[in-house]
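[1] here's a sequence, model it:
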Amino acid sequence: MGSASKKTFLPLDPTSFTNESKAVIDFIADYYNNIEKYPVQSRVEPGYLSAKLPESAPNCPDSLEDILKDVNDCIVPGLTHWQSPNFFGYFHANASTAGFLGEMLCSGFNVVGFNWISSPAATELESLLVDWMGQMLMLPPSFLFSGTGGGVLHGSTCESAVCTLAAARDEALKELGGWENITKLVVYASDQTHFTFQKAAKLVGIPPSNFRSIETSRATRFSMSPEKVRIAIEDDIKLGLVPLYLCATLGTTPCGAVDPIAELGKVAREYKLWLHIDAAYAGSACICPEFRHYLDGVELANSFSMNPHKWFLTNMDCCCLWIKEPKLLVDSLSTDPEILRNKASKSKVVVDYKDWQVALSRRFKALKLWIVIRRHGLANLRYHIRTDIGMAKRFEGLVAKDERFEIVVPRTFALVCLRFKPKHEAEGTELNCKLLDAINSSGRAFMTHAVLGGIYVIRCAIGTTMTEQHHVDALWKLIQEKADVLLMGSDRIKS
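    Here you go, the predicted structure:
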C-alpha cells in the first residue's frame with residue numbers, strides 16, 4: 001500500500017499514461033509469448049480468488065507494479081486461455097494486434113456516440129463500416145446505407161435478436177390492433193438455433209410456449225426443414241395464433257449446420273414472417289467467394305447479423321446487424337427526451353444510433369473494425385479464413401482414417417464433430433465424456449461437446465488466431481493418446 005497527496009492526484013496524466021500503458025502492453029506481450037505454458041482450461045476451484053485478494057478496497061493507491069503482479073499471480077491462473085493456440089472449444093473469440101490497437105483507440109477517446117452530435121465521426125464511420133462489411137459479403141443494396149437499408153454495430157447476437165424481435169413484434173401488433181394480442185405471436189427456429197433467441201423472445205414478451213423449436217436430424221445434417229416449418233406455421237394458424245418471426249442460421253453452434261436460406265425465405269414471405277439470418281459464426285467465411293453461396297436467398301431476409309469478434313480478427317465485442325427497413329427498428333427503439341434534442345436529429349438527415357439498440361450509451365466499436373480491415377486487407381482476411389478451414393479439413397481427414405472414431409456430421413467450415421465409437425451405443429455418452437474430460441484435464445488442449453440427435457459429440461472448433469497446423473496435429477495425437485488409455489481400461493471399443 002502507498003499513500004498519495006490529493007494535490008498529486010492526476011488520474012489522466014499524459015506522462016504517466018505513456019509509461020504505464022507501455023508496462024501493460026509489455027505484460028500482455030509476455031502473456032502471449034508464454035501462453036502455451038499455461039493449462040488451456042483453468043484448474044482453479046470455485047471461490048479461489050477470495051482467498052487471494054483483500055476483503056475490501058484499498059484506501060490509498062497501489063503501484064501498477066503491485067497490481068500487475070496480482071494479475072499474474074491471482075487472475076491469470078483463473079483464466080481459461082481463449083487466445084491459446086490449443087483452444088478448440090465453443091467458438092473462438094479471435095484477437096489480433098490490429099483489433100487490440102483499435103480497442104486502445106476506442107478506450108483512449110472514450111466517446112459515447114449515442115447520437116450524431118455526440119461524436120459525428122463515431123456515427124459516420126460506423127455507417128461506412130457496415131456498408132464495407134456488407135459489400136465484402138455481397139449483401140444486396142437493400143441492406144446497405146448506400147442502398148435502401150442500413151446497419152449498426154451491436155455488442156452481441158443477443159442484442160441483435162432482441163432488437164429485431166422487438167421491431168417485428170411492434171409492426172405485427174399495429175396490424176393486430178394492440179398489445180393485448182402479444183400472446184398470439186409465435187417465433188420459429190430449429191433445435192440447433194442458438195439459445196439466445198429463446199431468451200430474446202422471452203425478453204420482448206413472447207410467451208415461452210409460443211417458441212417453436214423445429215426438430216432437425218442427421219439425415220439433413222441438422223439443418224432446418226422448410227416443410228417442417230410450413231407445417232408448424234399451418235398448425236399455429238389453425239389455433240388462431242399469428243406467425244411472427246423465423247430465424248435461419250448460417251453455422252449453428254452445436255455442429256455448424258447451414259439452414260436453407262432461400263427455401264426458408266420463400267416460406268417466410270408466403271406467410272409474412274420476419275426472416276432473420278443469424279450468421280454469427282460462419283458469416284465471416286462468406287467474404288470468400290467459394291463460400292458465398294451459403295448466403296443465397298439473403299435478399300428474402302428482413303435482417304442479417306454476424307459477429308466479427310468470432311472469426312474476423314476483431315477483439316471482443318463486435319456484432320454487425322443489417323436491416324432492410326431501418327424505420328421499423330427506429331420506430332420500436334427510439335426515444336426523444338428533451339435533453340437529447342438537437343437540430344441535426346430534428347433534420348432527419350443523420351443517424352442517431354441510440355435508436356438502433358437497447359442501451360443509450362455505446363462504444364466507438366467502428367474504430368476497431370475499421371483498423372482491422374485496413375491493417376489486414378480483404379486478401380489477408382480471406383487467407384485467415386481459408387487457412388483455418390484447411391486445418392479443419394486436415395483434422396477431419398485424420399479422424400476419418402482412425403476406425404475407432406467417426407465424424408458425426410460432415411464438416412462445412414472449421415468445426416469438426418467427432419466421437420469415439422462405443423461397443424454398445426448405450427455407453428457412447430459416458431465414453432466420450434471421459435475422453436473429453438481426459439483431454440481437457442491434461443491442460444494441453446480444450447474442447448467442448450454437443451448433443452446431436454441424442455448423440456454426444458466432441459466439438460473441435462479451429463480458428464484461434466495463433467493456431468497453426470502443428471497445434472492441430474498435436475491435438476489429434478493427444479486425442480489418440482487419451483483414447484488408448486481408455487482402451488486399455490476397458491474392452492468396449494470396436495476392434
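
[2] list the contacts for residue 114?
    340, 352-354, 360-362 (Cβ atoms under 8 Å, 6 or more residues apart in numbering). Any C-beta I mention is one placed from the backbone N, CA and C, and that applies to glycine too.

[3] only the buried subset of those, as a PyMOL command please.
    Here the buried members of the contacts of residue 114 are turned into a PyMOL selection, burial being counted by 16 or more other Cβ atoms under 10 Å:
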select buried, resi 352+353+354+362
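
[4] which one of the contacts of residue 114 is nearest residue 327?
    Comparing the contacts of residue 114 against residue 327 with Cβ to Cβ places residue 352 closest, at 12.9 Å.

[5] find the nearest non-adjacent residue to the closest one, please.
    In space, residue 352 comes closest to residue 115 once its chain neighbours are excluded; the distance is 4.0 Å by Cβ to Cβ, 6 or more residues apart in numbering.

[6] report how many residues lie close to that neighbour.
    23 (other Cβ atoms under 10 Å).

[7] so who does it touch?
    In this structure, residue 115 makes contact with 123, 340, 342, 344-345, 350, 352-354, judged by Cβ under 8 Å, 6+ apart.

[8] ok, those residues vs residue 184, which is closest?
    For the contacts of residue 115, the residue nearest residue 184 by Cβ to Cβ is residue 354; the value is 30.4 Å.

[9] give me the nearest residue to the closest one, chain neighbours excluded.
    That would be residue 114: by Cβ to Cβ, 6+ apart, it lies 4.0 Å from residue 354.

[10] from residue 353, how far out is the one you found?
    The gap separating residue 114 from residue 353 is 7 Å, by Cβ to Cβ, to the nearest Å.

[11] equivalent analysis for residue 231, please.
    Between residue 231 and residue 353 the distance, using Cβ to Cβ, works out to 40 Å.

[12] same check, this time on residue 426
    If you go by Cβ to Cβ, the gap between residue 426 and residue 353 works out to 53 Å.

[13] starting at the chain centroid, how far to stretch 121-131?
    Going by Cα atoms, centre = their mean, to the nearest Å, the spacing between the C-alpha centre of stretch 121-131 and its chain's C-alpha centre is 21 Å.

[14] just the residues contacting that stretch, thanks.
    Judged by Cβ under 8 Å, 6+ apart, the contacts made with stretch 121-131 from elsewhere in the structure are 111, 113, 115-116, 144-146, 150-153, 320, 322, 350-353, 364-367, 369-370, 373.

[15] PyMOL command to pick out the buried ones of those?
    The following PyMOL command selects only the buried members of the contacts of stretch 121-131, with burial defined by 16+ other Cβ under 10 Å:
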select buried, resi 113+115+116+144+145+150+151+152+153+320+322+350+351+352+353+364+365+366+367+369+370+373
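
[16] in whatever helix or strand residue 378 lives in, what counts as buried?
    Here residue 378 sits within helix 365-401, counting by DSSP states H and E. Neighbour-count burial for helix 365-401, counted by 16+ other Cβ under 10 Å, picks out 365-373, 376, 381-382, 384-385, 387-389, 391-392, 394-396, 398-399.

[17] likewise for stretch 220-232?
    By neighbour count, with 16+ other Cβ under 10 Å as the criterion, the buried positions of stretch 220-232 are 221-226, 228-230, 232.

[18] which non-adjacent residue is nearest residue 274?
    Taking Cβ to Cβ, 6+ apart, and ignoring the residues beside it in sequence, residue 274 has residue 168 as its nearest neighbour in space, at 3.7 Å.

[19] next, the contact list for that neighbour, please.
    Residue 168 neighbours (Cβ under 8 Å, 6+ apart): 244-245, 274, 302, 328.

[20] how about a cut-off of 6 Å?
    Residues near residue 168 by Cβ atoms under 6 Å, 6 or more residues apart in numbering: 244-245, 274.

[21] where does pLDDT dip in this protein?
    Low-confidence segments of the chain (pLDDT under 70): 1-7, 490-495.

[22] now the helices for it?
    According to DSSP state H, the chain carries its helices in the segments 14-33, 64-70, 97-109, 120-136, 157-176, 196-203, 226-238, 261-271, 308-311, 326-333, 343-347, 365-401, 428-441, 469-489.

[23] quick one: buried residues of the second one?
    It stands for helix 64-70. Residues of helix 64-70 classed as buried under the neighbour-count rule (16+ other Cβ under 10 Å) are residue 68.

[24] contact partners of it?
    Defining contact as Cβ under 6 Å, 6+ apart, one finds that helix 64-70 is touched by 20, 23, 27.

[25] again with the last one
    Defining contact as Cβ under 6 Å, 6+ apart, one finds that helix 469-489 is touched by 85-86, 391, 395, 398, 420, 435, 438-439, 444-445, 493.
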